[in-house]
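[1] please find the sequence and the predicted model below.
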Amino acid sequence: DNILLVFSRHTRGNQNNFTDPVKPVLERIYKRRDETVVRDTIDVPGITETSLAADTGTFSTVLNYIKDNFTADSYGMVFSSHATGWLPKGYYTRALGARSFLHRLPAPGHLMTKTIGEEHTSPSYEMDITAFASSFPDGMKFDYILFDACLMGGVEVAYELKDVCNQVAFSQAEVLADGFDYSTLTLRLLKADTPDIEGVCKDFFDLYNGKTEEEHSATISLINTTKMEKLANVCRDLFSKYHSEIQALDYHNVQGFFGGSSHWFFDLEDILVKAGINQEEKAALDNAFSECIAYKGCTGQYYSAIDYSVHTVDSFCGLSMYLPACGNAYLNNFYKTYLWNKATALVQ
């Protein structure tokens, strides 16, 4: 019971040497009846030294292997990596240049944050969220996916994953390098009859809410992806009615979750409030949030390693979203491919 499968790619000698090919491995960890913990390395057919862990083909191969060889009543995933939310793969690095690497290699005296699936090869490789979702085998729907990675907490991400998982937990801002509270995570996920995903989120929030200064930094929410249609319907009507107002918003006046010039993640509710929705419309929006947002927590500030700064959070609904007013034609065209945009027509 409760076999834990770990898919990872280590560097040669674990010395941050990303130039020499190293085969990604699937490890099986389980406990025998005598309480002995066993850890095995599994040879997945088709995975070689040249396989990239962040490649959709590799990811799909591993998931299909798990489905065929480790049939379970339920599946869950903790995805710990670098990430840039809904953005096209490579866009974050291209747009910010050297600044985009600061969350991995901070200057002395500064905190480090994590950055779905960027792999530090040469050149680096990433998956965008649509490709990530398409890698899941038919009929293998996960109970939950926990993203221990930066900037994943967008409505675009949750809605894109609604057909492959029932719950998704993620952060709207950058995540400090220590990530989730791993001292309690496996107990929350494996000890009880059903995984306590909300408990994992609360532990994450409590961990950083108890810290001070720059480390007092956490945004987290748990989304029930099966109950997002009301939110999509409400937003579609509001996006249509307030289209001009949304397009005219000055992003400086909207709650964001980013550092420096990486302005692609804003609080969904604050966008609409600043666009001028009335109290009745806000009540309908909040009702839709209450159906799909099972938990949310924010320390009232977050740290960004892009600009080495702490940013205040005055509005936090538990979901971020793209603000077309501070985007560009390339991002707008890419955004049209998302299920969220097809359902709500944010970008036309």
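    Right, received. Where do you want to start?
[2] can you give me the helices for this protein?
    56-69, 91-96, 129-134, 155-160, 182-190, 197-209, 229-241, 243-247, 268-275, 279-292, 329-335, 339-344 (DSSP state H).
[3] so the fifth one versus helix 197-209, what angle?
    Meaning helix 182-190. 170 degrees (axes from the mean of the first three to the mean of the last three CA atoms, to 10 degrees).
[4] and the closest residue in space to Tyr338 that isn't next to it in sequence, what is it in contact with?
    Of all residues not flanking Tyr338 in the chain, Glu156 sits nearest, at 5.2 Å (CB to CB, 6 or more residues apart in numbering). No exception for glycine: its C-beta is placed from N, CA and C like everyone else's. By CB atoms under 8 Å, 6 or more residues apart in numbering, Glu156 lies in contact with 85-86, 129, 321-322, 335, 338, 340-341.
[5] what's the spacing between Glu156 and Leu249?
    18 Å (CB to CB, to the nearest Å).
[6] next one: Gly327
    On the measure of CB to CB, Gly327 and Leu249 end up 12 Å apart.
[7] okay, the two: which has more neighbours?
    Taking other CB atoms under 10 Å, Gly327 and Leu249 do not tie; Leu249 has more neighbours (20 against 16).
[8] Val347 and Phe334 touch, don't they?
    No. In this structure Val347 lies outside contact range of Phe334 using CB atoms under 8 Å: 9.2 Å.
[9] show me what contacts the residue nearest to the spatial centre of the chain?
    By CA atoms, centre = their mean, the chain has its centre lying nearest to Met152, at 2.8 Å. Going by CB under 8 Å, 6+ apart, Met152 touches 83, 85, 116, 170-171.
[10] with adjacent residues omitted, what lies nearest to Phe147?
    Closest to Phe147 by CB to CB, 6+ apart is Phe170, at 4.2 Å.
[11] surely the one you found and Gly153 touch.
    Yes. Between Phe170 and Gly153 there is a contact at 4.2 Å, judged by CB under 8 Å.
[12] which of those two has more neighbours?
    Shown here are Phe170 and Gly153; by other CB under 10 Å, Phe170 has more neighbours (31 against 28).
[13] ok, now how distant is that one from Ile271?
    Phe170 is 18 Å from Ile271, by CB to CB.
[14] next one: Ala95
    21 Å.
[15] the more surrounded of these two?
    Taking neighbours as other CB under 10 Å, Ala95 and Ile271 compare with Ile271 leading, 29 against 17.
[16] that one and Ile246 touch, don't they?
    Yes. Counting by CB under 8 Å, Ile271 touches Ile246, with 6.5 Å between them.
[17] now do the shared contacts for those two.
    Joint contacts of Ile271 and Ile246 (CB under 8 Å, 6+ apart) are Leu323.
[18] please identify the most buried of the helices of the chain.
    Sort the helices of the chain by mean neighbour count, taking mean count of other CB atoms under 10 Å, and helix 155-160 sits at the top with a mean of 26.
[19] centre of the chain to it, how far?
    Distance, stretch centre to chain centre, for helix 155-160: 10 Å (CA atoms, centre = their mean, to the nearest Å).
[20] which residues touch Gly297?
    Contacts of Gly297 by CB under 8 Å, 6+ apart are 201-202, 204-205, 209, 218-221.
[21] switch to 10 Å and redo it
    171, 201-202, 204-206, 208-209, 218-222, 316, 318 (CB atoms under 10 Å, 6 or more residues apart in numbering).
[22] what bridges to it?
    Ile220 (DSSP bridges).
[23] please apply the same query to the one 5 residues further on.
    Here Tyr302 shows beta-bridge partners His311, assigned using DSSP bridges.
[24] and it, how far is that from Ile220?
    Tyr302 is 11 Å from Ile220, by CB to CB.
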